[in-house]
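K.L.:
Starting from these lines, generate the structure:
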Amino acid sequence: MATIMVVDDEIGIRQLLSEILADEGHTVRLAEHATAARELRGRERPDLVLLDIWMPDTDGISLLKEWAAGGQLTMPVVMMSGHATIDTAVEATRIGALDFLEKPIAMQKLLATVKRALRSAEAPPAAGLALANLGRSAAIADLRKRLGQLAQVGSSLLFRGEPGVMPELYARALQHPGTPWVQAVSALAESPQDLLTQAAGGILFVDELGGLSRLQQKNLAFVAARAERHKVRLVAFTAEDPRRLTEERGFDPQLLAQLAQVVLQLPPLREYAEDIPEIASLLLAQLVEARFCPAREFSTAALNQLRNLPWARNLEELQQVVRSAALAALEDEIGAEDVRRVLPAAEAPATFAGLSLDLPLREAREAFERAYFEHHLARESSISRLAEKSGLERTHLYRKLKQLGLGPAKKEE
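P.N.:
Numbers count the residues shown, from 1 in each chain. Coordinates of the predicted model:
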């Protein structure tokens, strides 16, 4: 049987749920507030958490966000409340909650929800990242707001962006609780009528239009023509330029127009590079939590290096580098050298052989200086060491980095 944590400030609720769940053979852990829940979660990994929203110290939504941001949301969480609004339930689901129970909780409803939640925990874990924990930069905050607005309408939506931006993270933010999610590429090889039935009331997601065969395009056109009637929302992504997609790849232009009722550009990783240390630490924490690797953490120098790399394949490449470094590192702390060992050849720190000598002297000097400081920022953990290596006085160095639009190394002095 399962280990279930019940977090609620009402002793009567805790006792009632504990008795019901214990009678079903489960082991029950009780926490009267968020502080106790944090301590319990730190000691062990429960199979399921029943989490009250309104608590005196920290509310359940904030605790859920905290677990998601810290890589500890590795178990299903069911929220509980007697006063929550629909908006609160939707927010909790987007953060990562599996379901919602309204108080007073009927025993049959409780047992059915617990059974469904435990069954979901047996499935392969979803990707570690979600829009809720993707960072706090202005670019991501703006995108969250836009997706929040778009979630309220049913128009077809086309995401555009570079390879590796992981469009499913953003598409998932449009899904309403309890509605279907259908990954379309494999499903489009089957009967399109069955696909409409399967996706009714939910989202049909195509992760790359450029990869669809003629048959899949034909079936997608069938679905698109009937999507509104079946309340199916079509969400698609392409890294291809739309003109090249139709003129060179032979994609149906009418179908593309149907899918592009609303178009949204997804940002490349370099546009929210300040979030990279937080994202990398989260990915590593999730790998440790899933017992993929021993307990590890990144050094400041390693995080600084990750932040300053170009990431040609965006989030997908960052995720792969974190996984490789987590396995290959010999110490508990992953250093900058550990990161360098697992970088793809194309991601190696820049050399200056490609610098054009046809540029005006001032532009060439600025290009060299930018490449030079990007190279050393990836290696030095303090501004003092960077100043010593470059031979510049620190005030001059700060001014130069600001002029070039580069973030200085973190101080460790």
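K.L.:
Poorly predicted segments of the stretch 1-150 of the chain, please.
P.N.:
71, 84-86, 121-128 (pLDDT under 70).
K.L.:
same thing but at 80, please
P.N.:
42, 69-72, 74, 83-91, 93-96, 120-128 (pLDDT under 80).
K.L.:
And the strands in it?
P.N.:
3-7, 27-31, 48-52, 77-81, 99-102 (DSSP state E, counting those that start in this stretch).
K.L.:
Looking at those, which is nearest to Pro163?
P.N.:
strand 77-81 (32.8 Å; Cβ to Cβ). In this view, the C-beta of every residue, glycine as well, is placed from N, C-alpha and C.
K.L.:
Quickly run through the sheet partners of the closest one, with directions.
P.N.:
Paired neighbours of strand 77-81 in the sheet (DSSP bridges): strand 48-52 (parallel), strand 99-102 (parallel).
K.L.:
Pull out the buried residues from the last one.
P.N.:
Spelled out, that is strand 99-102. Asp99, Phe100, Leu101 (16 or more other Cβ atoms under 10 Å).
K.L.:
For burial, what's the neighbour tally of Glu240?
P.N.:
18 (other Cβ atoms under 10 Å).
K.L.:
one step back: identify whichever of the strands paired with strand 77-81 lies nearest to Leu287.
P.N.:
The nearest among those, by Cβ to Cβ, is strand 48-52 at 20.9 Å.
K.L.:
Just the angle for the closest one relative to strand 3-7, thanks.
P.N.:
With axes from the mean of the first three to the mean of the last three Cα atoms, to 10 degrees applied, the angle from strand 48-52 to strand 3-7 works out at 10 degrees.
K.L.:
Restrict strand 48-52 to CA atoms and write it as CSV.
P.N.:
What follows is strand 48-52, C-alpha atoms only, in CSV (Å, rounded to 0.1, in the frame of the first residue of the first chain):
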residue,chain,number,x,y,z
LEU,A,48,0.6,11.0,-2.5
VAL,A,49,0.0,14.3,-0.7
LEU,A,50,-3.5,15.7,0.2
LEU,A,51,-2.8,19.4,0.7
ASP,A,52,-5.1,22.0,2.1
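K.L.:
So what touches that strand?
P.N.:
The contact list for strand 48-52 (Cβ atoms under 8 Å, 6 or more residues apart in numbering) reads 2-10, 13, 17, 37, 41, 60, 63-64, 75-81, 97, 101, 114, 117-118, 121.
K.L.:
So what's the gap between it and the chain middle?
P.N.:
Between the centre of strand 48-52 and the centre of its chain there are 22 Å (Cα atoms, centre = their mean, to the nearest Å).
K.L.:
list the buried ones in it?
P.N.:
Applying 16+ other Cβ under 10 Å to strand 48-52 flags Leu48, Val49, Leu50, Leu51, Asp52 as buried.
K.L.:
Pipe those residues into CSV and attach distance to Leu110 per row.
P.N.:
What follows is these, written out as CSV (distance: Cβ to Cβ, whole Å):
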residue, distance to Leu110
Leu48, 12
Val49, 14
Leu50, 8
Leu51, 14
Asp52, 14
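K.L.:
Kindly indicate which of those lies nearest Glu331.
P.N.:
Val49 (32.8 Å).
K.L.:
So what's the residue count around the closest residue to Asn314 other than its chain neighbours?
P.N.:
Counting by Cβ to Cβ, 6 or more residues apart in numbering, Gly164 is the residue found nearest to Asn314 once chain neighbours are left out, at 3.8 Å. Close neighbours of Gly164, defined as other Cβ under 10 Å, add up to 19.
K.L.:
In this structure Gly164 contacts Pro310, no?
P.N.:
No. Between Gly164 and Pro310 there is no contact under Cβ atoms under 8 Å: 12.0 Å.
K.L.:
what helix or strand is the residue nearest to Asn314 on?
P.N.:
Using DSSP states H and E, Gly164 maps to neither a helix nor a strand.
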